[in-house]
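Peer 1: fold the stuff below for me.
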Amino acid sequence: MRIGILSDTHDNIQMVDAAVKRLNEEQVSLTLHAGDYVSPFVIPRLANLQSPLIGVLGNNDGDHHLLAARFAEHEHLCLRGRFAEITAGGLTIGLLHGDERELLQALIGQGAFDVVVHGHTHQAGARSLGRRLVVNPGEVCGYLTGRPTIAVLDTVTQNVELLSLE
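Peer 2: Residues are numbered from 1 along each chain as shown. All right, here's what the predicted structure looks like:
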């Protein structure tokens, strides 16, 4: 199974559209969003994904109720609050934004998840810690690093591809 991973879209519609296009081209079966959509007008753009999307809230997300309402307008989009536990492709995945550093470190350290997915730092990377994989897809928006990125996780090989959107 291939899982698309994105975070920190921060209202950049052009890059959101680029991320959706790339994830559709990659034929991912599921997409995870680690938060910081910022405004609800981004959600209909994410609805163009061909895969289901599970998302969590980030520290820069504004009106949580309106974001949830926009998600609810699309059958294949699901907003789970600040944290989601997902089982996909034989892996248990913890999904959170990552702005609460102690919580992030505790989830990584406890070993309850095969994969921990987070955003917040805008720094793309994937690392193995024993049998756990920690993935930060970077930023879709490209505002802080100037390098808009997403990630694709292969659940069979547990290989993570970091993909540039430029």
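Peer 1: and residue 64, how many neighbours does it have?
Peer 2: Using other CB atoms under 10 Å, residue 64 is surrounded by 13 other residues. For glycine as for every other residue, the C-beta is placed from the backbone atoms N, C-alpha and C.
Peer 1: can you pull the contacts of the closest residue to it other than its chain neighbours?
Peer 2: Closest residue to residue 64 apart from its sequence neighbours, by CB to CB, 6 or more residues apart in numbering: residue 57 at 6.2 Å. Residues in contact with residue 57 (CB atoms under 8 Å, 6 or more residues apart in numbering) are 35, 64, 67, 79, 81-82, 97.
Peer 1: mind checking which of those land in strands?
Peer 2: Secondary structure from DSSP state E places residue 79 of these in strands.
Peer 1: how about TSV for the contacts of residue 57, with pLDDT and distance to residue 142 added?
Peer 2: Output for the contacts of residue 57, formatted as TSV (pLDDT from 0 to 100; distance: CB to CB, whole Å):
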residue	pLDDT	distance to residue 142
35	98	17
64	96	25
67	97	22
79	98	23
81	95	27
82	97	25
97	98	18
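Peer 1: pLDDT score assigned to the residue with the largest distance to the centre of the chain?
Peer 2: Here the chain reaches farthest from its C-alpha mean at residue 130, the gap being 22.3 Å by CA atoms, centre = their mean. Residue 130 carries a pLDDT value of 84.
Peer 1: could you measure from it over to residue 107?
Peer 2: Applying CB to CB, to the nearest Å, the value for residue 130 to residue 107 is 14 Å.
Peer 1: residue contacts, the closest residue to residue 24 other than its chain neighbours?
Peer 2: Leaving aside its sequence neighbours, residue 24 sits nearest to residue 50 (CB to CB, 6+ apart; 4.9 Å). Residues near residue 50 by CB under 8 Å, 6+ apart: 23-24, 27.
Peer 1: quick check, nearest of these to residue 121?
Peer 2: residue 23 (21.1 Å; CB to CB).
Peer 1: and the closest one, how many residues sit next to it?
Peer 2: Neighbour tally, residue 23, other CB under 10 Å: 25.
Peer 1: in the host helix or strand of it, what's buried?
Peer 2: For residue 23, the host element (DSSP states H and E) is helix 13-25. The neighbour-count check on helix 13-25 (16 or more other CB atoms under 10 Å) flags 15-16, 18-20, 22-23 as buried.
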